[in-house]
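Q: When you get a sec, could you give me coordinates for this:
(chains A, B, C and D)
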Number of protein chains: 2
Amino acid sequence: MREKYNCPVEITVEVLGGKWKTRILWELSQKNYYFSELRRAIPDITKKMLVQCLRELEESGLVARKEESGKIIRVEYKLSQYGENTIPLINYMSKWGMDHLYFQRETEKSS
Amino acid sequence: MREKYNCPVEITVEVLGGKWKTRILWELSQKNYYFSELRRAIPDITKKMLVQCLRELEESGLVARKEESGKIIRVEYKLSQYGENTIPLINYMSKWGMDHLYFQRETEKSS
DNA sequence: CGGAATCCTCTTCGATACTG
DNA sequence: CAGTATCGAAGAGGATTCCG
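A: Just a heads-up that it's a prediction; the model follows:
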């Protein structure tokens, strides 16, 4: 986090910006995921980016990581309690995206 | 716009993503701006990026551009009627950013 | 004033290989 | 299974110059 922001949306862009973070949060808003499940849910993300984004979301306090040690190690990811505050925002972004897609399709037709 | 999306937030990221677009929309949600005013309102953006982002927001149908021809050319930018639909989203992102800043400051204290 | 056009840098992201 | 570590490509963004 920087020291000074001219506008609060800059903070949001800094924390949730980039290609993948909102997508990951959207998945985690549906249910908890093991790492490998999350990869299957987002097939086009690379392992590296998934790890990297999850780490950064964890650092931001939005995502909680739980290691299940056994013969095979599984790691569960879920929204932290605080992270659940992002759900309305993610839902809003999701709705806006769908509406915008519809708008685009309509304006294409009439051109 | 692509053809296929796995998740609606991808659309939103594609249209509003990047460092500047939400910031510009936030300014335009406050009032209409002449180009030069907008530059002063967002001092850290370069002229190139401002022009580029405004063009893309125009193409997306969110921003309207009005040229005032006179001795000196002035161009007014404002949200299009459709673009006003982004205001609630921008406000939500703004509120989330402020809340998150507060959260970060608090968790820093206790560490 | 409001751009367009280059050129260049830096970050983001992807591909691949390796590890406990 | 859930990661690290490197390397390289691509694209976003910045600095500068020129234009009507």
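Q: The helix or strand encompassing A:V9 close to chain B?
A: For A:V9, the element it lies in under DSSP states H and E is helix A:8-16. Yes: using CB under 8 Å from any CB of the partner chain, helix A:8-16 comes into contact with chain B via A:P8, A:V9, A:E10, A:I11, A:T12, A:V13, A:V15. For glycine as for every other residue, the C-beta is placed from the backbone atoms N, C-alpha and C.
Q: Out of the residues you listed, flag the one nearest to B:G70.
A: Among the residues of helix A:8-16 next to chain B, A:V9 lies closest to B:G70 (CB to CB), at 33.5 Å.
Q: Point out the residues in chain A that sit beside DNA strand D.
A: A:34-36, A:47-48, A:51, A:54-55, A:65, A:72-75 (CB under 7 Å from any atom of the strand).
Q: average pLDDT for the helix or strand in which A:Y102 is found?
A: Using DSSP H and E, the element containing A:Y102 is helix A:86-109. Summarised as a single mean, pLDDT over helix A:86-109 is 94.
Q: and the angle for that helix with helix B:86-109?
A: When axes from the mean of the first three to the mean of the last three CA atoms, to 10 degrees is applied, the directions of helix A:86-109 and helix B:86-109 differ by 150 degrees.
Q: got the contact list for helix A:86-109?
A: The contact list for helix A:86-109 (CB atoms under 8 Å, 6 or more residues apart in numbering or on different chains) reads A:12, A:16, A:22, A:25-26, A:29, A:62, A:79, B:1, B:5, B:7-12, B:15, B:60-61, B:82, B:85-86, B:88-89, B:92-93, B:96.
Q: Next, the buried residues of it.
A: A:T86, A:L89, A:I90, A:Y92, A:M93, A:S94, A:W96, A:G97, A:H100, A:L101 (16 or more other CB atoms under 10 Å in any protein chain shown).
Q: Taking helix B:8-16 as reference, get the angle to that helix.
A: Relative orientation of helix A:86-109 and helix B:8-16, computed by the same axes, to 10 degrees: 70 degrees.
Q: What about the residues of helix A:8-16 next to chain B, which one has the most neighbours?
A: Highest neighbour count within those, by other CB atoms under 10 Å in any protein chain shown: A:V9, with 27 neighbours.
Q: thinking again about what came up before, I'd like to know which of the residues of chain A next to DNA strand D are part of strands.
A: When DSSP state E is applied, the residues of chain A next to DNA strand D are split such that A:Y34, A:R65, A:R74, A:V75 fall in strands.
Q: so which of those residues would you say is closest to A:I42?
A: Nearest member of these to A:I42, counting by CB to CB, is A:Y34, at 13.1 Å.
Q: Let me know how buried that closest one is, in neighbour terms.
A: For A:Y34, the count of nearby residues is 14 (other CB under 10 Å).
Q: Which pLDDT value goes with A:E68?
A: A:E68 is given a pLDDT of 92.
Q: so it bridges to which residues?
A: Legend: beta-bridge partners of A:E68 under DSSP bridges are A:R74.
Q: That one and A:E76 touch, don't they?
A: Yes: here A:E68 lies in contact with A:E76, judged by CB atoms under 8 Å, at a distance of 6.5 Å.
Q: The two: who's more crowded?
A: Of the pair A:E68 and A:E76, A:E76 is the one with more neighbours under other CB under 10 Å, namely 15 against 10.
Q: what sits against that one?
A: Contacts for A:E76 (CB under 8 Å, 6+ apart) come out as A:N32, A:Y33, A:Y34, A:R65, A:K66, A:E68.
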